[in-house]
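1. Return a 3D structure for these sequence lines:
(2 chains)
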Amino acid sequence: MNYMRKMSRRNFVVTAAAAGGGLALGLDIPLGGLPVTRAQEGSPEINAWVVVKRDDTVVIRVARSEMGQGTLTGLCQLVAEELECDWSKVTWEYPTPGQSVARKRVWGDFATGGSRGIRDSHDYVRKGGAVAREMLKQAAANQWKVPVSELTVANGVIRHQTSNRSTTYGKVAEAAAKLPAPDPNSIKLKDPKDWKIAGKPVARLDILNMITGKQVYGADLKLPGMLTAAIKDCPVFGGTIKSFDAAKVTGMPGVKHVLQVGETGVAVVADTWSQANTALDALPIVWDEGENAKVSSESIAAWLKDGLDAEQAFVGNQNGDAKAAIAAAAKKVVAVYAYPYQNQAPMEPMNATARYTADKCEVWVPTQNGEASFAAVLAASGLPAEKCEVYKINLGGGFGRRGAFQDYVHQAVNIAKQIPGTPVKLLWSREEDMTHGRYHPVMQCKLVGAFDKDNALSGLHMRLSGQSILASVRPQILEQQKGRDPLTFQGVFESGEHAFGYTIPNLLIDHAMRNPHVPPGFWRGVNINQNCIFLECFMDELAQVVDQDPLEFRRKLMIKHPRNLAVLNAVAERIGWDKPAPQGIYRGLAQMMAYNSYVAAAAEISVTGGNKIKIHRIVGAIDCTYAVNPAQIDRQVAGSFVYGLSALFYQECTVEDGRIVQTNFDNYNSMRIAEMPKVESIVMPSGGTGAWGGVGESTICVAAPAVLNAYFRATGQRIRSFPLKNHNIQMA
Amino acid sequence: MVALSVNGTIHEVNVDPDTDLLWVLRDHIGLTGTKYGCGIKRCGACTVHVDGAAVRSCSVPLSGVAGKQITTIEGLAQNGALHKVQKAWLEHEVPQCGYCQCGMIMAVAALLNEKPKPTDADIDLYITNICRCGTYQQVREAIHAAANA
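-> Numbers count the residues shown, from 1 in each chain, chains lettered A, B, ... in the order given. Alright, predicted model coming up:
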């Protein structure tokens, strides 16, 4: 038996909350000129993106979050490129969501997920830098009483050649801040071929504090008079609290409060977190687990298996008549794959710190989306926008867990409301984090390929059966799509940023939606991960049936997909596909379009004892249209491979009695350095005027199928369910 | 009261002696560079030095370290100069989110104390910290760079 989980009713639109409220930033109205908005320390804001201090320091505002992907540095590079400032004098700050709401969302979207941090904001942040540059130039032109067209600017120094005068941004900032801003659309952005700061592998701006222990993550925050909370939510999703016996723990060291949190959680609040967590472990709690307690991994798998041949399914991609082609096939190939639930398991467990009074609710939180956190504060506190604020704290990893889902913010505010005036830091234990995730959705896939009598691929039916993320997170999108979740089809969709990369005369890719009660969520790469395994392993299966080389087999289907083909060719060439592999080494490859980037990988592995895989080398290629910081992209290729291969070999969240079984890194493992292959990245931006591609997630999906295809060539074994540990296959 | 020597300073802490060192450092001495990741010695985010050796502080009670010299990430730099491992980390831009890196750096610094020129096999054996961002390629490069500094 399976039960639909309740739809979230928290789809709160933050813009709807934009109402009134004073500017958190200072505002002064000087004689002559427009009002000047000031940063907290008094320096003038040229525009929302740029503050210039007297000493020529440039403070660039970054609305997106930094959680390891280099987004912050990349966005600063783009602003600085147009601003023509001195890169060595660049620093940065995060505007708060409350300020953004009060200023009509002048910084745009705060969401940092879907590999969108740079690709969705490059245009307006570059314009922000360009507008500020023009205002600074105009201020100098006014001072010298010369036409602005006679001025040149480089490295934050403005020059008037004919009169041999020069000044710096710091000297004209006050005057520039009082000028009207030109229309951003009237300014032509630089041609990327002329970039001097963007496009270069400059060092990240934010590394130093990370290596000295000074960097403050959410879990590290300290506020005067702060208490600390540990929490247990009902282990069965959808269950509630029946009772708990607070008297059993109220006398324990440091314990201040034992509080119910909503209908589903209990928190112990104490002087320190270890005291809170120790008392929480000793607290007797009786849960009403509800009907979901009957669900297991087996019952979910059976339900999904039923979907593989179900009549009703949502179509994500279709041309020709795949079913007819399969019926008329000279050769038919069938395979069924399965992919498990997985937890993001960022190194820093979920946390948030809240302080509530009747007049103000403030939250400090490591978040991928400051505005989503802000909306959660409004909803949980019941206070209007002008009485709420969110301060973004550094994240110890996000990977999709800390964006759309703000359950920990709701909990922290709920706790703080019960202790008005006292700041409370809520920190989840690793065990709470592992068992109360928003899990990578569970999915099965049946693939049927048809060959005609000439061994040409005449049809493909790819049937997905499993969980939709958007059904619970963005149900309005399903309504617009007549019930379909387009995100399910990442990498195999009919069009857009996750389009299918092959031309097959008769094609059907559809999805039988099955939504168990386990809450699904975004995850680094999310649905490209399993879709790339399903499709790219099956491509190798098809090639093998007709005795063709996997690369040659793909190339014939990719004539109309030149950017997919280019990255695939690049990895094939680098790995030496056309030459024999060294003795005992086996190769595999894969490609996909992901987050508007084109990605491919080629792996070299050896296998000992039939089950110990040593990955010697993986080449990864990415065409992300423009490469803002190639050094960071290189790190994302290697880092995403670690994340994807950890998932492939080790990671599965199983369900027993309605709850997640895995509780910590002992039963939910992650790759270590000993298992790390040599990763070679090929960053090959193809430029042009089209949309930019994302970087943080895109390459994750190609590592696993490249390794699986190599494993088949090494052993003749085709693995179709994951993780590999379930087949006693290890990483050597 | 227990006397605890951390980064060369003696701290008198009034804490249950069963409390794990990680939480004494973080909550009572105020050194938050040492991170909580798993609490069961698996991830290494809490690595500190006890008498020069790498120890996962989440699973060592205060009573077990009284009288010993404890060094945390905050005490690794000496006289205002970064430790050679920190310098290599900066040079090779190892961190991504950075959360695990203090523990990683402490583990590597202890390895280099024991084996000043570690081989790749030594690194594989000694460095078992988890990094979810996947910085291992830079970690290995930076270890060799620090060893040759």
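2. can you list the domains in chain B?
-> B:2-75, B:84-147 (automatic domain parsing).
3. and the first one, how far from the chain's centre?
-> I take that to be domain B:2-75. 10 Å (C-alpha atoms, centre = their mean, to the nearest Å).
4. Adding mean neighbour count, distance to chain A and mean pLDDT as columns, could you present the domains of chain B in CSV?
-> (C-beta placed from N, C-alpha, C; glycine too.) Shown next, in CSV, are the domains of chain B (neighbours: other C-beta atoms under 10 Å in any protein chain shown; distance: least, C-beta to the nearest C-beta, whole Å; pLDDT from 0 to 100):
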stretch, mean neighbour count, distance to chain A, mean pLDDT
domain B:2-75, 20, 2, 97
domain B:84-147, 22, 3, 98
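5. Throw the ones you listed into CSV and include distance to A:K360, thanks.
-> Formatted as CSV, those follow (distance: least, C-beta to C-beta, whole Å):
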stretch, distance to A:K360
domain B:2-75, 26
domain B:84-147, 29
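6. can I have the helix or strand containing A:E573 written out in CSV, keeping just the CAs?
-> Assigned by DSSP states H and E, A:E573 belongs to helix A:562-575. In CSV, the C-alpha atoms belonging to helix A:562-575 read as follows (Å, rounded to 0.1, in the frame of the first residue of the first chain):
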residue,chain,number,x,y,z
PRO,A,562,26.1,19.4,-33.1
ARG,A,563,26.7,20.8,-29.6
ASN,A,564,26.0,17.4,-28.0
LEU,A,565,28.2,15.8,-30.6
ALA,A,566,31.0,18.3,-30.0
VAL,A,567,31.4,17.5,-26.3
LEU,A,568,31.1,13.8,-27.0
ASN,A,569,33.8,14.0,-29.7
ALA,A,570,36.0,16.0,-27.3
VAL,A,571,36.0,13.4,-24.6
ALA,A,572,36.4,10.5,-27.1
GLU,A,573,39.4,12.2,-28.6
ARG,A,574,41.0,13.0,-25.2
ILE,A,575,40.5,9.5,-23.8
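7. Which strands or helices does that helix pack on?
-> If you count contacts as 3 or more C-beta pairs under 8 Å, 6 or more residues apart in numbering or on different chains; DSSP states H and E, helix A:562-575 packs onto helix A:550-557, strand A:586-594, strand A:597-608, strand A:612-623, strand A:678-683.
8. Can you give the distance of that helix from its chain's centre?
-> The answer for helix A:562-575 is 25 Å, by C-alpha atoms, centre = their mean.
9. ok, A:G584 to A:A710 distance?
-> To A:A710, A:G584 is 12 Å away according to C-beta to C-beta, to the nearest Å.
10. Please say which of those two ends up with more neighbours.
-> Each of A:G584 and A:A710 has its neighbours counted (other C-beta atoms under 10 Å in any protein chain shown); A:A710 has more, 27 against 12.
11. What are the buried residues along the strand or helix carrying that one?
-> Assessed by DSSP H and E, A:A710 sits inside helix A:700-715. Judged by neighbour count using 16 or more other C-beta atoms under 10 Å in any protein chain shown, the buried positions of helix A:700-715 are A:700-714.
12. and which of those is nearest A:L565?
-> The nearest member of the buried residues of helix A:700-715 to A:L565, counting by C-beta to C-beta, is A:V702 at 14.2 Å.
13. quick revisit: looking at the helix holding A:E573 now, give me its mean pLDDT.
-> On average, the pLDDT along helix A:562-575 is 98.
14. hmm, back to that, of the buried residues of helix A:700-715, which are in range of chain B?
-> Here nothing survives when these are matched to chain B using C-beta under 8 Å from any C-beta of the partner chain.
15. what's the residue nearest the centre of chain A in contact with, if anything?
-> Per C-alpha atoms, centre = their mean, the C-alpha nearest to the average position across chain A is that of A:G113, at 3.5 Å. By C-beta atoms under 8 Å, 6 or more residues apart in numbering or on different chains, the residues touching A:G113 are A:Q368, A:N369, A:G398, A:G400, A:G403, A:A404, A:F522.
16. Likewise for A:E552?
-> A:E552 is in contact with A:A543, counting by C-beta under 8 Å, 6+ apart.
17. Against A:E604, how distant is it?
-> Taking C-beta to C-beta, one finds A:E552 at 19 Å from A:E604.
18. swap in A:T162?
-> Going from A:T162 to A:E604 by C-beta to C-beta gives 62 Å.
19. Could you check which of these two is surrounded by more residues?
-> Legend: neighbour count by other C-beta under 10 Å for A:T162 and A:E604, higher for A:E604 (23 against 8).
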